[in-house]
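> Structure, please.
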Amino acid sequence: MRFQTPLVPARLVRRYKRFLADITLEDGREVTAHIANPGAMLGLADPGARIWVEPNDDPKKKLKWSWKIVELPGGERVCVDTGMANRVVREALEAGAVPGFDGYDRVRPEQKYGDGSRIDFLLQGAGRADAYLEVKSATLLRAPGRAEFPDSVTARGTRHLQELAQMAAAGHRAVMLFLLARDDAEILGIAADIDRKYADAFREAAARGVEMLALGTTITPEGIDAGVIRPVIEP
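Numbers count the residues shown, from 1 in each chain. Here you go, the predicted structure:
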């Protein structure tokens with residue numbers, strides 16, 4: 001997935017009100033950027049951090065900058081815009097680049113299912129069972145190589161697991177795909193200490209047949225590419 005507009009480097013001044021960040025551009029200007037991330041962003045929003053932002057000239061948008069990537073002191077890059085996850089996964093699915101999902105020639109986003117909900121992707125193909133696939137962006141890392149989800153309490157995420165479990169119990173293929181949105185992650189774990197209810201729902205969904213997958217990434221200021229399937233560790 002290529003970014004729509006080339007990213008430019010900046011420095012983080014502060015993140016506040018969850019979706020706003022004051023940043024300093026290389027020319028010295030201090031501006032406010034939008035950050036599409038409702039989570040805690042633990043370890044990713046330290047003042048002075050090197051970040052990459054996307055400019056826009058859309059007159060309908062109040063903020064002209066969007067924070068996409070943070071570059072950590074060791075050079076590791078993390079995509080902090082959780083909205084990017086679905087774009088990365090969709091391109092990978094359509095290109096047949098996600099192991100286990102070849103043969104699906106229709107990738108339909110935002111389809112209604114369950115009790116008034118929408119699934120991120122409904123995959124369909126001749127001779128293949130319909131697959132209901134939900135995507136989550138994992139950015140938290142507290143131990144080397146181990147990404148975790150979630151980074152804050154997520155009642156919405158718990159509900160998604162419960163709905164997938166219902167689809168699996170009804171005989172459908174149901175998949176939770178965690179996109180490892182950082183290039184130093186090799187496995188995915190569940191942060192049970194942050195959200196016990198989510199961990200319990202994860203175990204229940206897995207027991208009822210929901211497939212749990214993690215997909216690695218390569219992240220650069222030019223774009224984000226899906227990588228290989230990584231292990232998921234049950235809580």
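> so what are the domain limits for the protein?
The chain breaks down by automatic domain parsing into domains covering 8-79, 84-233.
> closest to R2 out of those?
Nearest to R2 among the domains of the chain is domain 84-233 (4.1 Å), distances taken as CB to CB. C-beta coordinates here come from the backbone N, C-alpha and C atoms, glycine included.
> Look at that closest one and report the distance between its end residues.
24 Å (CA to CA, to the nearest Å).
> same deal with stretch 92-101?
10 Å.
> Please list all residues in contact with the residue sitting nearest the centre point of the chain.
Residue closest to the mean C-alpha point of the chain, counted by CA atoms, centre = their mean, is S137 at 1.8 Å. By CB atoms under 8 Å, 6 or more residues apart in numbering, the residues touching S137 are 79, 82, 84-85, 178-179, 181.
> Ok, K17 next?
So K17 contacts nothing (CB under 8 Å, 6+ apart).
> Against G83, how distant is it?
Noted for K17: a distance of 17 Å to G83, by CB to CB, to the nearest Å.
> on that earlier part again, which of the contacts of S137 fall in strands?
Mapping the contacts of S137 onto strands (DSSP state E) picks out 79, 178-179.
> picking that back up, in terms of helix, strand or coil, where does the residue nearest to the centre of the chain fall?
Three-state call for S137 (DSSP: H, G, I helix; E, B strand; the rest coil): strand.
> Please name the bridge partners of it.
Beta-bridge partners for S137, by DSSP bridges, are L179.
> While we're on it, how confident is the model there?
S137 is assigned a pLDDT of 98 by the prediction.
> pLDDT weak spots in the protein?
Scanning the chain for pLDDT under 70 picks out no residues.
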